[in-house]
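# structure of the sequence below:
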Amino acid sequence: MFPPLTDVVKSLIIINVMMFIGTQIAGNEIKYMLAVFYPTSEYFQPYQLITHMFMHANVAHIFFNMYGLFMFGVPLEQRFGPKKFLTYYLLTGFGALFLYMVIMYIQINQMGMVIDINTPMLGASGAIFGLLAGFGVLFANHTIRLLIPPIPMKAKYFVLIFGVLELYLAFSGRNTGVAHFAHIGGAITGFLIMAQWGMLKRR
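Purely as a prediction, here's the structure:
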């Protein structure tokens, strides 16, 4: 029913799961040391730029991210190869964080919004949305079926629906507790990388 795990995807899943178990045992203090804070926060540390991608808030958070990593990551790693895939994954994660921080800067310094800079951001979701974007480009007409909703649809339509939903939630002003701009940043970075690699033209 499922394709075999590729090497990088398997390693990323193992690292994420082990980090989640470790922080569950060690407690929230360690989890928030490894999540990423806004750079002017007293809790910000440079290593958080990487470690936040391997932190997750709860079981549902890590389950759906790892499911997305498996579902979209395996075919992309098979197409890219291990080194290129890992580069793509990490760059989309950094791109997600970059847009998230830029939006926070605009909200705080340009719009005068009151935002708690001591609230961290964590999770692999930005990189997963980068994988989703890449999958949508390379396998646009491939039919996929998610757990929620369990409806088969072509990848290009799924990417479009999720993109519109994320844009709506990001600009709705609702406090959903989800970093929607990070999701958008990961997807945009994915498209930019695909364009740089010449894969959009081929499609």
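
# please count neighbours and contacts with C-alpha atoms only from this point.
Will do.

# dump the residue contacts of residue 92.
By CA atoms under 8 Å, 6 or more residues apart in numbering, the contact set of residue 92 is 126, 127, 130, 185, 186, 187, 189, 190.

# would you mind giving those residues as JSON lines with secondary structure and distance to residue 137 added?
Formatted as JSON lines, the contacts of residue 92 follow (DSSP: H, G, I helix; E, B strand; the rest coil; distance: CA to CA, whole Å):
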{"residue": "126", "secondary structure": "helix", "distance to residue 137": "17"}
{"residue": "127", "secondary structure": "helix", "distance to residue 137": "15"}
{"residue": "130", "secondary structure": "helix", "distance to residue 137": "11"}
{"residue": "185", "secondary structure": "helix", "distance to residue 137": "16"}
{"residue": "186", "secondary structure": "helix", "distance to residue 137": "14"}
{"residue": "187", "secondary structure": "helix", "distance to residue 137": "11"}
{"residue": "189", "secondary structure": "helix", "distance to residue 137": "13"}
{"residue": "190", "secondary structure": "helix", "distance to residue 137": "10"}
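
# let's have those in CSV, adding pLDDT, distance to residue 173 and neighbour count.
Below are these laid out as CSV (pLDDT from 0 to 100; distance: CA to CA, whole Å; neighbours: other CA atoms under 10 Å):
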residue, pLDDT, distance to residue 173, neighbour count
126, 95, 20, 33
127, 97, 23, 31
130, 96, 23, 32
185, 95, 17, 24
186, 96, 20, 34
187, 95, 20, 27
189, 97, 23, 28
190, 96, 25, 30
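
# quick one: which of those residues is nearest to residue 76?
The nearest member of the contacts of residue 92 to residue 76, counting by CA to CA, is residue 130 at 10.9 Å.
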